[in-house]
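In: Need coordinates for the below:
(one chain, ligands or ions: 2)
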Amino acid sequence: MEFNTLKDMDFNGKKVLLRADFNVPIKDGKVADDQRLLRTLPTIQHILEQGVKQLIICTHLGRPKGKVVEEMRVTPVAQRLSELLAEDVKKVDFVLGELPDDLIVMIENVQFEPGERDNDPEYGKKLSEYADIFVLDAFGQCHRNYATLTQIQQHIPSCAGFLLEEEVRSLGKLLENPERPFIAILGGVKLETKIALINNMLDNADNVLVGGAMIFTFYKADGKEIGKSIVDDEFVGEAKQALGNEKLVLPSDVVIADEFDNNSPKSVVSVDSIPADKIGLDIGPDSINEFTRLIAEAKTIVWNGPMGAFEMSNFADGTLQLADAIAESSATTLVGGGDSLAAASQAGVLDRMSHVSTGGGAMLEFLSGKTLPGIAALAKVRQ
Ligand code: ADP
Ligand code: MG
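Out: Ligands and ions are numbered 1, 2, ... in the order given. Predicted structure coming up:
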């Protein structure tokens with residue numbers, strides 16, 4: 001899908017509206033993790049270097065759902081951004097209104113307006129009137145049909161920021177032209193949000209290694225006892241279909257415990273002999289070995305989702321050891337997903353990945369082969 005990028009635009013003397021994804025954690029009135037700000041900094045710096053008349057920045061924060069929620073004001077974001085840029089960022093307390101003429105202005109949380117999530121064309125048009133050019137860099141939100149992601153492009157010349165461009169290039173390459181063997185390692189907890197990705201990876205990749213709580217739905221589909229392990233009953237049918245695909249690799253052993261509790265005594269069993277009163281909380285050592293072997297042979301690796309309940313140290317081995325194996329590999333490696341990034345960071349391997357996606361849901365949908373509304377709207381208006 002072709003869209004304009006920053007290099008296609010002339011920002012000199014123009015007013016520019018930037019939609020970023022600065023949905024960052026706030027603690028005690030301060031930004032607690034500024035990764036998302038750092039990732040969009042190159043876009044902001046590029047725009048400023050081009051001699052813009054004004055840069056207006058917008059983001060959402062939390063889920064205020066169309067109302068003003070005091071603790072979801074973007075004031076701490078503007079403050080942190082100002083520190084990172086070493087420039088004043090004038091924060092205004094409204095989304096729509098009369099803007100001051102400071103060089104950099106940040107408007108209020110766009111989800112304070114109901115028009116945002118309603119994808120209201122009128123609201124989108126009003127926002128577009130702030131500027132001559134629109135820059136979309138909020139990759140992590142592009143799967144949403146919301147006004148600041150899909151409407152503004154329809155009124156003023158628009159382009160992707162560096163972050164969005166890089167995400168689409170890196171993820172697109174995996175679907176179009178991956179170096180093989182290409183493996184996907186998929187884990188986590190909600191099969192509902194991942195089944196489309198598993199199916200698309202079964203089409204595109206050479207092997208799909210599945211871990212996490214999702215495996216128990218597959219075992220159930222296979223008629224195995226899964227004890228008290230998490231299961232997505234509505235997806236047993238779809239899991240059963242995937243079972244027939246020889247690219248699918250499921251763990252052969254699991255770590256079980258009495259309870260979902262780090263102090264619960266643990267043991268390792270074959271997936272064919274999970275006791276009815278136990279819960280499966282991690283993949284076992286044989287599975288780690290087999291997955292590690294496939295990782296070592298791969299030339300392209302996509303990883304989303306922890307292999308076990310890694311927040312508890314007794315059930316983190318599968319996730320942390322695979323994180324190490326992925327980091328060791330010479331393959332092109334991509335990791336994405338909120339909990340996966342936390343796990344990779346805990347394993348100390350984030351900076352050894354070829355690409356760290358900022359998109360959770362957006363990345364999952366992109367890699368599932370779906371068209372993201374925000375990107376489609378950008379592509380439609382490419383001049
Ligand atoms: P991501 O955010 O990377 O996409 P998910 O949100 O899908 O990942 O899943 C992460 C969660 O899955 C973690 O909180 C982890 O504890 C949980 N999880 C993984 N394996 C298990 C398991 N066997 N039982 C219970 N929870 C699990
Ligand atoms: Mg998650």
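
In: Going by C-alpha atoms from here, please, whenever you check contacts or count neighbours.
Out: Fine.

In: low-scoring pLDDT stretches of the stretch 101-250 of the chain, where are they?
Out: For the stretch 101-250 of the chain, applying pLDDT under 70 flags no range at all.

In: where do the strands sit along it?
Out: 104-106, 133-136, 158-160, 182-186, 207-210, 248-249 (DSSP state E, counting those that start in this stretch).

In: Tell me which of these sits nearest to Leu48.
Out: When the strands of the stretch 101-250 of the chain are compared for distance to Leu48 using Cα to Cα, the nearest one is strand 104-106, at 9.0 Å.

In: Partner strands of that closest one, with direction?
Out: Strands adjacent to strand 104-106 in the sheet, as given by DSSP bridges, are strand 54-58 (parallel), strand 90-91 (parallel).

In: What mean pLDDT does the last one get?
Out: This points to strand 90-91. In this model, strand 90-91 has an average pLDDT of 98.

In: From the chain's centroid, how far away is it?
Out: Centroid separation between strand 90-91 and its chain, computed with Cα atoms, centre = their mean, to the nearest Å, is 28 Å.

In: Give me the contacts around it.
Out: 75, 78, 102, 104-108 (Cα atoms under 8 Å, 6 or more residues apart in numbering).

In: Near ligand 2, which residues of the chain are found?
Out: 338-339 (Cα under 5 Å from the ion).

In: Show me the chain divided up by domain.
Out: 6-167+372-382, 180-330 (automatic domain parsing).

In: now these in TSV, with mean neighbour count and distance to ligand 1?
Out: Conversion of those to TSV gives the following (neighbours: other Cα atoms under 10 Å; distance: least, Cα to the nearest ligand atom, whole Å):
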stretch	mean neighbour count	distance to ligand 1
domain 6-167+372-382	20	13
domain 180-330	20	3
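
In: Which one of these lies nearest to Ala362?
Out: For the domains of the chain, the distance to Ala362 is smallest for domain 6-167+372-382, at 5.1 Å, taking Cα to Cα.

In: end to end, how far does the closest one reach?
Out: Distance between the two ends of domain 6-167+372-382: 12 Å, counting by Cα to Cα, to the nearest Å.

In: partners of the one helix or strand Leu17 maps to, with directions?
Out: Taking DSSP states H and E as the criterion, the element that holds Leu17 is strand 15-19. In its sheet, strand 15-19 lies beside strand 54-58 (parallel), strand 133-136 (parallel), with partners assigned from DSSP bridges.

In: so who does the residue nearest to Gln153 when sequence neighbours are not counted touch?
Out: Nearest residue to Gln153 in three dimensions, chain neighbours excluded: Leu378, at 6.1 Å (Cα to Cα, 6 or more residues apart in numbering). Leu378 makes contact with 3-4, 150, 153, 158-160 under the criterion Cα under 8 Å, 6+ apart.

In: Bridged to the spatially closest residue to Lys247 that is not a sequence neighbour, which residues?
Out: Counting by Cα to Cα, 6+ apart, Lys247 lies nearest to Asn207, which is 4.6 Å off, once chain neighbours are set aside. With DSSP bridges as the criterion, Asn207 is bridged to Ile183.

In: re earlier: gap between the strand holding Leu17 and the chain center?
Out: Here the centre of mass of C-alpha atoms in strand 15-19, compared against the chain's by Cα atoms, centre = their mean, lies 23 Å away.

In: Over to stretch 25-43?
Out: Relative to the chain's own centre, stretch 25-43 is displaced by 15 Å; criterion: Cα atoms, centre = their mean.

In: just stretch 110-123 next, same as before
Out: For stretch 110-123, the distance from its own C-alpha centre to the chain's C-alpha centre is 23 Å (Cα atoms, centre = their mean).

In: Pull the residues that contact that stretch.
Out: If you take Cα under 8 Å, 6+ apart as the criterion, stretch 110-123 is touched by 58-61, 63-69, 95, 124, 145-148, 150-151.

In: Serialize the strands of the stretch 101-250 of the chain to a markdown table and add fields for distance to Ile279.
Out: Converted to a markdown table, the strands of the stretch 101-250 of the chain look like this (distance: least, Cα to Cα, whole Å):
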| stretch | distance to Ile279 |
| --- | --- |
| strand 104-106 | 48 |
| strand 133-136 | 44 |
| strand 158-160 | 45 |
| strand 182-186 | 20 |
| strand 207-210 | 17 |
| strand 248-249 | 21 |
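
In: out of these, nearest to Gly227?
Out: When the strands of the stretch 101-250 of the chain are ranked by distance to Gly227, counting by Cα to Cα, first place goes to strand 207-210 at 18.8 Å.

In: Report all helices and strands that the closest one contacts.
Out: Using 3 or more Cα pairs under 8 Å, 6 or more residues apart in numbering; DSSP states H and E as the contact criterion, the secondary-structure elements in contact with strand 207-210 are strand 182-186, helix 191-204, strand 248-249.

In: again, only using 7 Å
Out: In terms of contacts (3 or more Cα pairs under 7 Å, 6 or more residues apart in numbering; DSSP states H and E), strand 207-210 is packed against strand 182-186, strand 248-249.

In: The residue in the stretch 1-150 of the chain that ligand 2 sits nearest to and Asn304, how far apart?
Out: Closest to ligand 2 within the stretch 1-150 of the chain is Gly140: 13.4 Å, counting by Cα to the ion. Applying Cα to Cα, the value for Gly140 to Asn304 is 15 Å.

In: Since that was my last question, I'll sign off now.
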